[in-house]
Every structure is written in structure tokens, then in C-alpha cells.
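S.K.: sequence unknown, structure follows:
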């Protein structure tokens, strides 16, 4: 038979596991949403996440930051790099 301390410990462990699972799912969901935004930006959707250089508009190219290697790639014509986890297509 379980004593009061064993019962409380079991409940505490179950709550900790549940909260850890929910935290991990939130992290995973945010990462997937960020990758989706980046893929939409590369495809040219208007609600993209990227930067634009200031200036007169001549020779300005829109860029998006790669979540894998943290470099800025051109939105149009971004090529796949050597990494196996590269999110860019092509």
C-alpha cells in the first residue's frame, strides 16, 4: 500500500513529466512555425520574415536568415547548401 509521501511523490513526478512534455511540444511548435515562415519567405509570400537593405532601391536584394547556419540568403534564388538539414529547396 502506498503511503502519503509515496503518493505525493508519484503525483509530483507525473505533473513534472506532463509539464516537461508540454514545454517540449511548445518548443517544437515554435521551431516548426519559424521554419514554415522561412520557407514561405523563400517562396516569395508577402508575410515573409526577412530583411531589406536601405538605400535608393538599385541593387537591393531581400534576404532571409537561415535557421540552420545563421547566414542571410537571398529570398529569390536561394540555393541549398552542403548541410543535410538545410531548409532551402533546390
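M.R.: Nice, thanks for sending it over. On a predicted model such as this, the values are computed, not experimentally measured, just so you know.
S.K.: from now on I want contacts and neighbour counts done on CA atoms only, so please keep to that.
M.R.: Fine.
S.K.: any idea how far residue 38 is from residue 65?
M.R.: 8 Å (C-alpha to C-alpha, to the nearest Å).
S.K.: repeat for residue 9
M.R.: For residue 9, the distance to residue 38 equals 44 Å [C-alpha to C-alpha].
S.K.: same question, residue 23
M.R.: 23 Å.
S.K.: show me which of those two is the more surrounded one.
M.R.: Neighbour count, other C-alpha atoms under 10 Å: between residue 23 and residue 38, residue 38 has more, with 23 against 12.
S.K.: my read is that one is in a helix, agree?
M.R.: Yes - using DSSP: H, G, I helix; E, B strand; the rest coil, the secondary structure at residue 38 is a helix.
S.K.: can you tell me which residue is nearest the centre of the chain?
M.R.: residue 31 (2.7 Å; C-alpha atoms, centre = their mean).
S.K.: what are the ranges of the helices in this protein?
M.R.: Assigned by DSSP state H, the helices in the chain fall at 4-43.
S.K.: any stretches of it with poor pLDDT?
M.R.: Within the chain, the ranges that satisfy pLDDT under 70 run 1, 44-59, 78, 89-90.
S.K.: residue 72 contacts residue 65, correct?
M.R.: Yes - here residue 72 lies in contact with residue 65, judged by C-alpha atoms under 8 Å, at a distance of 4.3 Å.
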